[in-house]
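Undergrad: need a 3D model of the sequence below.
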Amino acid sequence: MNATPHRLDPTGGCPHAANARLLAQGAVTPVVLPGEVEGMAVLGHDALRDFLAHPEVAKGARHFTALAEGRIPDGWPLRSFATVRGMTTADDADHRRLRSLVGKAFTARRVEALRPRIETLTAGLLDRLEEAAREGDGVADLRRHFALPLPLGVICELLGVDEEHQDRLHHLSNQVVATDIGPQEAMAADRELLEVLTVIVADRAGRPGDDLTSALIAARDEGGDRLSQPELIGTLVLMIIAGHETTLNLVTNAVRALCAHRDQLAHLAEGRADWSDVVEETLRWDSPVSYFPFRYPTRDLTVDGTLIPKGTPVLAAYSAAGRDTKAHGPDADRFDITRVPAARHLSLGHGAHYCLGAPLARMEATIALKALFTRFPGLDLAVPEEDLARHSSFVGNSVRALPVRLR
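TA: Here you go, the predicted model:
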């Protein structure tokens, strides 16, 4: 095990150099979170896979010792990850109940039915991207004009959220996942997100439709213990953030990877790989989520020879697991869409909390990337990769903007 705790940088940055150093020392490491809160991170692929599915690892905040003892202040930037009411902080029967209410919107049949709408949205956004490039002397921010509005538009349509709310919801989502903001900012973002979602729920209650929010409201209003109001709001928080931030980072990171590895585009043209291989290799090689909070052992637990004390907040280090040479071979840090065996990764989770929206995220990214490079095969970065500003978070793993030239 790493003897010296790894101090996670609240301002984010590229995680891969630090991950490689930590992995060389062991699969589990102690970490220092913002506010000098002590935690652990599981970095190794096999150790993380086992930990995520361990029956004595919980998600509920009551298992977080420091929180239960009142040692975590209200404005702690990661507090929402622990305390939001929804699937990501529920265990056992509560988790199954909440997941079943949302799962109906993400069956294979319902996701596949979205394909024509996603293709139409993608084509329209490519038009907007080209227009933005014309107005910007040939350069456009691909993240802002393409990678963001596609998944945000899809999840908001699924939820029945009007377009007028979308920009604000994205801004507040960014604030919630940021790890470098102060207590007042963090609490203000949480408050405003709650207010916006309460307005959206009230609107849907008055105008119910064939959308997920209306279905959740109906479940809440049926009485019994199917869904409480805090769980309804918490579920919407989860769906909006997870429903677009992950796919946004996935598409952004895939474009960056392909621009830096033009030989991989040739593999696609020659039929040696397809666009789903690009998506899976990007998920492995540059996971859209770096360190995801939190899980808590419900007893003292030894993981890969390292003791994790009961009640410790543990981060799932997806970006590290994706480049673990013990799982992916000595060339794990090489981007290769023809990798054999095909990319296997944990970047969408594992076990009971495996990402419910994984099929939708995969479909969106595959459609988006194929359409983008089919229309603009010469697309390339407009600035060197090293000049791209990183996310101000060690949770999300990507860049803030992606200026590209389309031709």
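
Undergrad: and T65, how far is that from L8?
TA: Per CB to CB, to the nearest Å, T65 is found 19 Å from L8. Where C-beta positions appear, they are placed from N, C-alpha and C, glycine not excepted.

Undergrad: more neighbours: which of those two?
TA: Neighbours per residue (other CB atoms under 10 Å) separate T65 from L8, with L8 holding more: 22 against 15.

Undergrad: would you map the strands across the chain?
TA: Under the criterion DSSP state E, strands of the chain are mapped to 6-7, 28-33, 37-42, 57-58, 139-141, 291-297, 301-303, 306-308, 314-317, 380-381, 403-405.

Undergrad: what number of residues lie near the nearest residue to D46 once chain neighbours are set aside?
TA: In this structure, D46 finds its nearest non-sequential neighbour in A327, 6.2 Å apart by CB to CB, 6 or more residues apart in numbering. Residues within reach of A327, counting by other CB under 10 Å, total 19.

Undergrad: pLDDT wise, what is A327 at?
TA: Per-residue pLDDT puts A327 at 95.

Undergrad: ok, now which ones touch the nearest residue to L101 once chain neighbours are set aside?
TA: Of all residues not flanking L101 in the chain, A219 sits nearest, at 5.5 Å (CB to CB, 6+ apart). Counting by CB atoms under 8 Å, 6 or more residues apart in numbering, A219 touches 101, 226-227.

Undergrad: which intervals of the stretch 251-400 of the chain have sub-threshold pLDDT?
TA: Applying pLDDT under 70 to the stretch 251-400 of the chain flags the ranges 342-343.

Undergrad: nope, the stretch 1-150 of the chain is what I meant
TA: Looking at the stretch 1-150 of the chain by pLDDT under 70, you get 1-3.

Undergrad: and the helices in it?
TA: In the stretch 1-150 of the chain, the segments counted as helices under DSSP state H, counting those that start in this stretch are 16-23, 45-52, 65-68, 79-83, 92-103, 108-113, 115-135, 142, 149-159.

Undergrad: for these, could you give me TSV that also reports distance to L197?
TA: Output for those, formatted as TSV (distance: least, CB to CB, whole Å):
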stretch	distance to L197
helix 16-23	34
helix 45-52	28
helix 65-68	23
helix 79-83	13
helix 92-103	15
helix 108-113	23
helix 115-135	23
helix 142	29
helix 149-159	10
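
Undergrad: need the winner for burial among those helices.
TA: helix 142 (a mean of 26; mean count of other CB atoms under 10 Å).

Undergrad: verify the contact between L148 and H171 for me.
TA: No. Using CB atoms under 8 Å as the test, L148 is too far from H171 to be in contact (11.1 Å).

Undergrad: what's the neighbour count on V199?
TA: V199 has 11 neighbouring residues, counting by other CB under 10 Å.

Undergrad: would you check how far apart it and L148 are?
TA: 22 Å.

Undergrad: so what's the residue count around P5?
TA: Per other CB under 10 Å, the neighbour tally for P5 reads 15.

Undergrad: so for it, what's the nearest residue that isn't a sequence neighbour?
TA: Per CB to CB, 6+ apart, closest to P5 is P30, 4.1 Å.

Undergrad: beta partners for that neighbour?
TA: P30 has these beta-bridge partners by DSSP bridges: M40.

Undergrad: quick check: buried residues in the lengthiest helix in the chain?
TA: Longest helix in the chain by number of residues (criterion: DSSP state H): helix 229-260. The neighbour-count check on helix 229-260 (16 or more other CB atoms under 10 Å) flags 231-259 as buried.

Undergrad: ok, the spatially most central residue of the chain to A320 distance?
TA: Nearest to the geometric centre of the chain sits T246, at 3.3 Å (CA atoms, centre = their mean). Taking CB to CB as the measure, T246 falls 17 Å from A320.

Undergrad: which ones are touching the residue nearest to D46?
TA: Going by CB under 8 Å, 6+ apart, A327 touches 44-46, 321, 344.

Undergrad: related to what we said a few turns ago, out of the helices of the stretch 1-150 of the chain, the one nearest R407 is which?
TA: Nearest to R407, of all these, is helix 115-135, at 8.5 Å by CB to CB.

Undergrad: contacts for that closest one?
TA: So helix 115-135 is in contact with 139-142, 145-146, 149-150, 153-154, 157, 363-364, 367-368, 371-372, 375-376, 404-406, going by CB under 8 Å, 6+ apart.

Undergrad: one more pass at 6 Å, please.
TA: Residues outside helix 115-135 that contact it (CB atoms under 6 Å, 6 or more residues apart in numbering): 140, 145-146, 149-150, 153, 364, 367-368, 371, 375, 406.

Undergrad: any idea of the angle it forms with helix 149-159?
TA: 140 degrees (axes from the mean of the first three to the mean of the last three CA atoms, to 10 degrees).

Undergrad: roughly how far apart are T246 and D141?
TA: In terms of CB to CB, T246 sits 19 Å off from D141.

Undergrad: nope, A41 is what I meant
TA: From A41 across to D141, the span is 32 Å (CB to CB).

Undergrad: between those two, who's got more neighbours?
TA: Remark: of A41 and D141, A41 carries more neighbours, 27 against 19, as counted by other CB under 10 Å.

Undergrad: quick check: R220 touching P230?
TA: No. Under the criterion of CB atoms under 6 Å, R220 is not in contact with P230, lying 10.2 Å apart.

Undergrad: before we move on, back to that, which elements pack onto the longest helix of the chain?
TA: helix 149-159, helix 166-177, helix 275-285, helix 358-375 (3 or more CB pairs under 6 Å, 6 or more residues apart in numbering; DSSP states H and E).
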